[in-house]
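**Q** prediction below, plus the sequence it came from.
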Amino acid sequence: MTIDEELNQLDTLLRRLKIEYEVYFNNPAKRPPADLEWKAVALLRKHSDGGRMNFSQRFRYNEMAQRYAIYSDLWRKKSRIREEGYRRPQDALLSVQGVRSAEEHVPQHPTVYGVAKNSSGFTIECSDADSQTEQVERLYNALVAAKKKSGEAVTGNLSSFSSFVRNKTSQIRKQYACEAVEYSVELQDGQVKLKAKAKS
């Protein structure tokens, strides 16, 4: 197998590993994907010296090694929380948020379309729910996941939630003459709360 083929295999393994870990953290009966991770680590170690690689191969390898390091650190933290239980409210939310893709571009300047994860939960800024359907869906998923984790009943669907966010955003923007509304999913006294506040 050529170096390029092995790098392709490593890329596929990392993608599968990310999916398998997300399934593992959302299903108490699942076991961690140790076999897959062992194969990925073996390939990372095999090419760690980079002696036989050209520049573009080395660049690609470094990107994947960095991606694995980010994933691995988060998986380790989430595994510890899963094994030891949720000692703090934010621990439960960390387990909800999932793995943020290492390939995602993080804006270097504030934007009303940005997504942030604050210390207490999951946060988005919304100025137009109709044009930000993906953001609204991510907020809905975070809210549902947090409620399931805390044992609360989940009522309503994405459609009714989107209507709520659309109306609430319009109401707050008119009331406070603001550009956007910040929505956050937070745990307070063991209960999941959806909060909305004006953002200038």
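**A** Okay, I see it.

**Q** least trustworthy helix or strand in this protein by mean pLDDT?
**A** Using mean pLDDT, DSSP states H and E, strand 115-116 stands out as the lowest-scoring helix or strand of the chain, at a mean of 36.

**Q** mind listing the strands for this structure?
**A** Under the criterion DSSP state E, the chain contains strands at 115-116, 121-126, 180-188, 191-199.

**Q** mean confidence for the second one?
**A** Per-residue pLDDT over strand 121-126 has a mean of 80.

**Q** begin at 734 from here
**A** Understood, numbering begins at 734; the last thing we discussed is strand 854-859.

**Q** same for it, what does it pack against?
**A** The helices and strands touching strand 854-859, judged by 3 or more CB pairs under 8 Å, 6 or more residues apart in numbering; DSSP states H and E, are helix 822-830, strand 848-849, helix 866-883, strand 913-921. C-beta: built from backbone N, CA, C; applies to glycine.

**Q** worst mean pLDDT among the ones you listed?
**A** Mean pLDDT is lowest for strand 848-849 among these, at a mean of 36.

**Q** domain ranges for the chain?
**A** 736-818, 848-932 (automatic domain parsing).

**Q** any chance of TSV for those, columns mean neighbour count?
**A** Shown next, in TSV, are these (neighbours: other CB atoms under 10 Å):
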stretch	mean neighbour count
domain 736-818	14
domain 848-932	16
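
**Q** lowest-confidence stretch among those domains?
**A** Lowest mean pLDDT of the domains of the chain: domain 848-932, a mean of 80.
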